[in-house]
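[1] I need the structure of the sequence given here:
(chains A and B, ligands or ions: 2)
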There are 2 protein chains.
Amino acid sequence: MKTFYSEDHRLHHANAELNDGQLVPVFEKPSRADMVLARVEAVNLGPVLPPEAFGIAPLKRVHAGEYIDFLAGAWAEWAALGRTNDMLPLAWPPRRVQARCPKDIDGKLGYYSFDAGAPLTATSWQAIYAGSQVALSAQAAVAAGDRAAFALCRPPGHHAGIDYMGGYCYVNNAAVVAQAFLDGGMRKVVVLDVDYHHGNGTQDIFYQRPDVLFLSIHGDPQTEYPCYTGYADERGEGAGLGYNHNYPLPVGSDWSVWSQALQDALRVAAGCGAEAVVVSLGVDTFADDPISQFKLRSDDYLRMGEMIAALGLPTVFVMEGGYAVEEIGINAVNTLLGFEQQA
Amino acid sequence: MKTFYSEDHRLHHANAELNDGQLVPVFEKPSRADMVLARVEAVNLGPVLPPEAFGIAPLKRVHAGEYIDFLAGAWAEWAALGRTNDMLPLAWPPRRVQARCPKDIDGKLGYYSFDAGAPLTATSWQAIYAGSQVALSAQAAVAAGDRAAFALCRPPGHHAGIDYMGGYCYVNNAAVVAQAFLDGGMRKVVVLDVDYHHGNGTQDIFYQRPDVLFLSIHGDPQTEYPCYTGYADERGEGAGLGYNHNYPLPVGSDWSVWSQALQDALRVAAGCGAEAVVVSLGVDTFADDPISQFKLRSDDYLRMGEMIAALGLPTVFVMEGGYAVEEIGINAVNTLLGFEQQA
Ligand SMILES: [Zn+2]
Ligand SMILES: [Zn+2]
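    Ligands and ions are numbered 1, 2, ... in the order given. Now for the predicted structure:
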């Protein structure tokens, strides 16, 4: 399996995120990708390739154009005020308000955010953009005939919605890939999100659409981030009704519980007539992850890959979360190895 | 004029607020109230009285009951997790989501907030509650026949909505006072908000109601906090349509501009049949205020008080913002002196 990767991910390295009322060092840091890349190379998964250039248009197919323009230009507006700290939002639109996007950069920042966990630095946009091109390159390889490909994206993407960032995510790489398959002629695509956290951004993007089936297995939003989405009764709206499936699981869930949810999700996926699968591959389901509460073990990721392969569909794996840096490489690559053994 | 005041405001003294991407010392600090109290005493405005006890029920007449219960119990939930830092929200409900309030304290905190500028400390609730009793005591004095009274509340209140805090505000003291007048038998009350920032919380609370006319003169939300409300076309909804008047003014506005807006607001107030006026008295309209952009001078506040007095209605002044601590006392008390000269 080919891995797509860009060194430009290093250009996104924020100083701090807001956690428990204080600014703490970011969990989402460059070493995450380094560990995964090292493991890809250690097991000889396949060639590691730089991204090709697809431009910005595919991003605007799933995100609001003004949001992407905001991401690209935000630092310049911030720096023009003499500010040198990473950008973090201060205020956001309250309930019951039909918010307009303000002209002021502080107002824009809150308008385009849903948390204070997605700092923007002077060079973040270059890393975010490179990550999207990594994802599109993996999609192109699969569209051209590869059975599967791995997009080693960083920063991750699945919390980014139509017009907002948050949860370390800015551009929704998995959604960009799914849309690229559709724009290439497919009529139905599955996005399977196995990250510990609900893929609220992907859900937002496709919530009213029947052409992308979204399946997410994650910690119960009653107690787990992102706190406000991921309930089982969120099933889609309008034409998208029935094409959104959430599997919130209790804190402490291990493979025996988790794999039952996956089995059900794969049953739904198999029955929908999809022509490709995009996997939002977060491995913060790992027992020792510092910010999550599931109990998966490294061997479980082999089984996960095998089960996904059994769908028999062209598959793009897109890197999402996973914060126990020592094991992130083993677990992510185990998923890919399990897939290859079965495929 | 009587001033109501409680030393308990000191129990709210947060360490830091999020500003320009970093945690900085709070602008909303105890010395603000000290400066105003010192000026009240220096000019012999009148007796300074402690609050009487009105309990929590009047707060729940304008705020959601579960929100007030959250404020009262939040620190205990936070501390139970071993956390000792001031509480600041991490994530909030994104657009297009019908958010449920989570069980987890981080989720609750974001659910009940609209910015990261309202930290809660171990003893904040006692200060917030005391402030509301100060406001209710001033209302009671006026309801009992005083022409006017001054509620020296701290923390301020006008950014607090039905079920959210933000902008240094937790309980909307001005709204509590207005409701107390109505519950005492009045049929129409005016809330006049002269703080530099839009009184988004007061607007939220009364937006669908005709019994409280809300008038706010403030910095243009296109560039000024709270960023998402305060436009002139926000006129109320349903039965409240026509009872909400916003006067957004450009950055740099001085008394000549500002007083024209006040004149128009007072014309509307005079024509509505109100039986009492509640003034959200923020003096961050002052030229030297560190976080605001109007150009009022200390003498202008005398004129402001005179103009408000000319309405000829029972009046409660409720302290809101104002952050140039040296002059906050002079400017707030000048408003009250101007009122008394005219009344
Ligand atoms: Zn995650
Ligand atoms: Zn203010």
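[2] CA only for contacts and neighbour counts going forward, please
    Noted.
[3] Kindly state the beta-bridge partners for residue A:192.
    Judged by DSSP bridges, the bridge partners of residue A:192 are residue A:215, residue A:279.
[4] Hmm, it is touching residue A:279, no?
    Yes - between residue A:192 and residue A:279 a contact is recorded at 4.8 Å, counting by C-alpha atoms under 8 Å.
[5] surely residue A:218 meets residue A:194?
    Yes - at 7.1 Å, residue A:218 and residue A:194 qualify as touching, with contact defined as C-alpha under 8 Å.
[6] These two - which one has more neighbours?
    Counting neighbours by other C-alpha atoms under 10 Å in any protein chain shown for residue A:218 and for residue A:194 shows that residue A:218 has the greater number, 28 against 24.
[7] my guess is the more buried one is in a strand, correct?
    Yes - assessed by DSSP: H, G, I helix; E, B strand; the rest coil, residue A:218 belongs to a strand.
[8] Report the contact partners of it.
    If you count contacts by C-alpha atoms under 8 Å, 6 or more residues apart in numbering or on different chains, residue A:218 has them with A:194-198, A:230, A:246-249.
[9] mind checking pLDDT for the nearest residue to residue A:254 once chain neighbours are set aside?
    Distance criterion C-alpha to C-alpha, 6 or more residues apart in numbering or on different chains; nearest residue to residue A:254, sequence neighbours excluded, is residue A:295 at 4.5 Å. We have a pLDDT of 98 for residue A:295.
[10] Around residue A:295, how many other residues sit close by?
    Residues near residue A:295, counting by other C-alpha under 10 Å, number 21.
[11] And residue A:73, by the same measure?
    Neighbours of residue A:73 (other C-alpha under 10 Å): 12.
[12] contacts for the helix or strand where it lies?
    Secondary structure from DSSP states H and E places residue A:73 in helix A:65-79. Here helix A:65-79 makes contact (C-alpha under 8 Å, 6+ apart) with A:59-60, A:84, A:87, A:105, A:112, A:120-122, A:125, A:163-164, A:170.
[13] Can you give me the first-to-last residue distance of stretch A:227-235?
    In terms of C-alpha to C-alpha, to the nearest Å, the two terminal residues of stretch A:227-235 are separated by 17 Å.
[14] tell me which parts of the stretch 201-343 of chain A are close to chain B?
    Proximity of the stretch 201-343 of chain A to chain B is confined to A:204, A:221-229 under the rule C-alpha under 8 Å from any C-alpha of the partner chain.
[15] Residue A:26: which of those residues is nearest?
    Minimum distance to residue A:26 across these is 15.9 Å, recorded for residue A:225 (C-alpha to C-alpha).
[16] tell me the contacts of the residue nearest to the closest one when sequence neighbours are not counted?
    Closest residue in space to residue A:225, ignoring its immediate chain neighbours: residue A:197 at 6.4 Å, by C-alpha to C-alpha, 6+ apart. For residue A:197, the contacting residues are A:217-219, A:224-226, by C-alpha under 8 Å, 6+ apart.
[17] Work out for me the element residue A:197 sits within.
    Applying DSSP H and E, one finds residue A:197 in no helix or strand.
[18] Now do it, the pLDDT please.
    98.
[19] residue in the stretch 51-200 of chain A nearest to ligand 1?
    Nearest residue of the stretch 51-200 of chain A to ligand 1, counting by C-alpha to the ion: residue A:197, 4.4 Å away.
[20] re the thing from before, from residue A:294, how far out is the residue nearest to residue A:225?
    Taking C-alpha to C-alpha, one finds residue A:197 at 10 Å from residue A:294.
[21] where do the contact lists of these two overlap?
    Common neighbours of residue A:197 and residue A:294 (C-alpha under 8 Å, 6+ apart) are residue A:219.
[22] so where do the helices sit in the stretch 51-200 of chain A?
    A:57-60, A:65-79, A:105-111, A:124-143, A:173-183, A:200-206 (DSSP state H, counting those that start in this stretch).
[23] Save those as JSON lines, and put in distance to residue B:329 and mean pLDDT too.
    Output for those, formatted as JSON lines (distance: least, C-alpha to C-alpha, whole Å; pLDDT from 0 to 100):
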{"stretch": "helix A:57-60", "distance to residue B:329": "52", "mean pLDDT": "98"}
{"stretch": "helix A:65-79", "distance to residue B:329": "34", "mean pLDDT": "98"}
{"stretch": "helix A:105-111", "distance to residue B:329": "30", "mean pLDDT": "97"}
{"stretch": "helix A:124-143", "distance to residue B:329": "45", "mean pLDDT": "98"}
{"stretch": "helix A:173-183", "distance to residue B:329": "54", "mean pLDDT": "98"}
{"stretch": "helix A:200-206", "distance to residue B:329": "48", "mean pLDDT": "98"}
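[24] Looking at whatever residue of the stretch 1-150 of chain A ends up closest to ligand 1 now. What's its pLDDT?
    Using C-alpha to the ion, residue A:28 is the residue of the stretch 1-150 of chain A that sits closest to ligand 1, at 10.1 Å. Looking at residue A:28, its pLDDT reads 95.
[25] Save the helices of the stretch 51-200 of chain A as a markdown table, and put in distance to residue B:116 too.
    As requested, those are exported to a markdown table (distance: least, C-alpha to C-alpha, whole Å):
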| stretch | distance to residue B:116 |
| --- | --- |
| helix A:57-60 | 30 |
| helix A:65-79 | 18 |
| helix A:105-111 | 10 |
| helix A:124-143 | 23 |
| helix A:173-183 | 28 |
| helix A:200-206 | 22 |
